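Undergrad: following is a predicted model, sequence given first.
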Amino acid sequence: MLNIQSYESLKPYNTFGIGAKARYFVEIESADQLQALLQLTDYPDVPKLILGGGSNLLFTRDFEGLALKISIQGIEVVAENEDHIFVRAGAGTNWHELVMFCVRNGYAGVENLSLIPGTVGAAPMQNIGAYGVEIEQVFKELEAVELKTGEMRTFSHADCRFGYRESIFKNEVKGQYIITSVTLRLDRRPVFHTSYGAIQETLKEMGVTDDRLSIKAVSDAVIRIRRSKLPDPAQIGNAGSFFKNPEIDTSRFERLKTDFPALPGYPTGDPAKTKVPAGWLIEQCGWKGKRFGDAGVHAKQALVLVNYGEATGAEILSLARKVQQSVEEKFGISLHPEVNVV
Ligand code: EPU
């Protein structure tokens, strides 16, 4: 049964804990329910906002349209062969719950993506990634309902046009589809991604030697690293990295290195471009651990902006702008938000 509410607080539905309101709000528990909603004639022209786990969102004002909280659950193995297991999950499934399902059953490929907040449906939208793995590496396909027609469509890997924290759903078809399920292709035989320094160090601390490496050990290491650096949204409001790591011309990177010899840089696949950690740039500008009222820059990871309690979205955004400005002044580098500002 569809239960459309009015003037609902969105505070429980965004990990920043911002108390914005939605003019209309509805929770969707199946693709059928979604299609039924789209057939209702009362809401065709009302702007719609799709809420997954709300872990990549910053509300700066009330939302004057219809917010849809996608709560479609379920995890199932839909096919398997000698090399792979295909697992489909409802868009509203908690992402980490899906990762734990895979780890428990020995399905490899998502262990590096342990403990990322948010839901399965939101994961391909921004091609979530951590510690050397992005969801696109295990992505098979997804199903989505077109808002305009209510029709269901399947998107293959190629259709999704994945990039660094990018996909077609943030670009060409932004706001046009609601993802209802995602199918992943997991490996029976794990290929471990442990080259990331922090993972190696943590595995060592845990006493895991190469011959004892396992899907579970990598997942445990990632969980440990994330818990030590990233604030738990259940305790301190945040949306993970607020900005993307900028990619700059390699020639420019080399020149900056003469003024800032400690500046870290990572290859991007294109030798002409170098990725620079935004967290480092922000820390160098003196922002790490700074707090203004209830808005702040996390003390252990400068790329994460936090809401200590009652900060408004506007206050967080104003802090973000000041951070951008000072990085621009000191390094001549523009930072772009990774979170969606509504
Ligand atoms: N750094 C600093 N100071 C800081 C933060 C970072 O100097 O305050 C330096 C670190 O020393 C390190 C480098 O920046 O050399 C990279 O830091 P880290 O490993 O913490 O990763 P990140 O580049 O800041 C990215 C992702 C994270 C992901 C981690 C691990 C983006 C925007 N962020 O952060 O993803 O968990 O790598 O792979 O790409 C997210 O998207 O919400 C997110 C948390």
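TA: Structure's in. What do you need?

Undergrad: quick check: bridge partners of E143?
TA: When bridges are called by DSSP bridges, E143 pairs up with T154, S181.

Undergrad: helix, strand, or coil at L319?
TA: With DSSP: H, G, I helix; E, B strand; the rest coil as the basis, L319 sits in helix.

Undergrad: does it touch N307 like I think?
TA: No. Judged on CB atoms under 8 Å, L319 makes no contact with N307 at a distance of 10.2 Å. C-beta: built from backbone N, CA, C; applies to glycine.

Undergrad: identify the contacts common to the two.
TA: Taking CB atoms under 8 Å, 6 or more residues apart in numbering as the contact rule, L319 and N307 both touch A295.

Undergrad: neighbour count winner among the two?
TA: Using other CB atoms under 10 Å as the criterion, L319 and N307 rank with N307 on top: 26 against 22.

Undergrad: show me the contacts for the residue lying closest to that one once chain neighbours are set aside.
TA: Sequence neighbours aside, G237 is the residue nearest to N307 in space, at 3.3 Å (criterion: CB to CB, 6 or more residues apart in numbering). For G237, the contact set (CB under 8 Å, 6+ apart) comprises 15-18, 306-309, 311.

Undergrad: repeat for N245
TA: By CB under 8 Å, 6+ apart, N245 lies in contact with 266, 275-278.

Undergrad: over to Q73?
TA: The contact partners of Q73, taken as CB under 8 Å, 6+ apart, are 29, 90, 92-93.

Undergrad: the nearest residue to it once chain neighbours are set aside - how many residues pack around it?
TA: Nearest non-adjacent residue to Q73, counting by CB to CB, 6+ apart: G90, 4.8 Å away. Neighbour count for G90, taken as other CB under 10 Å: 24.

Undergrad: got the phi/psi numbers for the most centrally placed residue in the chain?
TA: The structure's the chain has its C-alpha centroid closest to I128; by CA atoms, centre = their mean the separation is 4.9 Å. The phi/psi pair for I128 (degrees, to the nearest 10) reads phi -50, psi 150.

Undergrad: what's the next secondary structure element after the one helix or strand G296 maps to?
TA: Using DSSP states H and E, G296 falls within strand 295-297. Downstream of strand 295-297, the first helix or strand assigned by DSSP H and E is strand 304-307.

Undergrad: quick one: strands adjacent to that next one?
TA: Within its sheet, and counting by DSSP bridges, strand 304-307 is paired with strand 237-241 (antiparallel), strand 295-297 (antiparallel).

Undergrad: and the residue nearest to N307, how far from the ligand?
TA: In this view, G237 and the ligand are 14 Å apart by CB to the nearest ligand atom, to the nearest Å.

Undergrad: what do you get for R212?
TA: 23 Å.

Undergrad: do the same with A31
TA: With distances taken as CB to the nearest ligand atom, A31 is found 28 Å from the ligand.

Undergrad: and for stretch 316-330, what are the contacting residues?
TA: Residues outside stretch 316-330 that contact it (CB under 8 Å, 6+ apart): 16, 18, 58, 60, 242-243, 278, 281-282, 284-287, 292, 295-297, 305, 307, 333-335, 337, 341.

Undergrad: buried stuff in it?
TA: Buried residues in stretch 316-330, counted by 16 or more other CB atoms under 10 Å: 316-317, 319-320, 323-324, 326-327.

Undergrad: dump these to a markdown table, plus pLDDT and distance to K216.
TA: What follows is those, written out as a markdown table (pLDDT from 0 to 100; distance: CB to CB, whole Å):
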| residue | pLDDT | distance to K216 |
| --- | --- | --- |
| I316 | 97 | 36 |
| L317 | 98 | 40 |
| L319 | 98 | 38 |
| A320 | 98 | 37 |
| V323 | 98 | 37 |
| Q324 | 98 | 40 |
| S326 | 98 | 42 |
| V327 | 98 | 39 |
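
Undergrad: of those, closest to G175?
TA: The closest of the buried residues of stretch 316-330 to G175 turns out to be L317 (CB to CB; 20.6 Å).

Undergrad: please report how far the closest one lies from the ligand.
TA: Distance of L317 to the ligand, given as CB to the nearest ligand atom: 17 Å.

Undergrad: what's the answer for N94, then?
TA: 16 Å.

Undergrad: what of S318?
TA: From S318 over to the ligand the distance is 20 Å, taken as CB to the nearest ligand atom.

Undergrad: count of residues packed around the closest residue to the ligand within the stretch 1-150 of the chain?
TA: Using CB to the nearest ligand atom, the single residue of the stretch 1-150 of the chain nearest to the ligand is A130, 3.8 Å away. Using other CB under 10 Å, A130 has 19 neighbouring residues.
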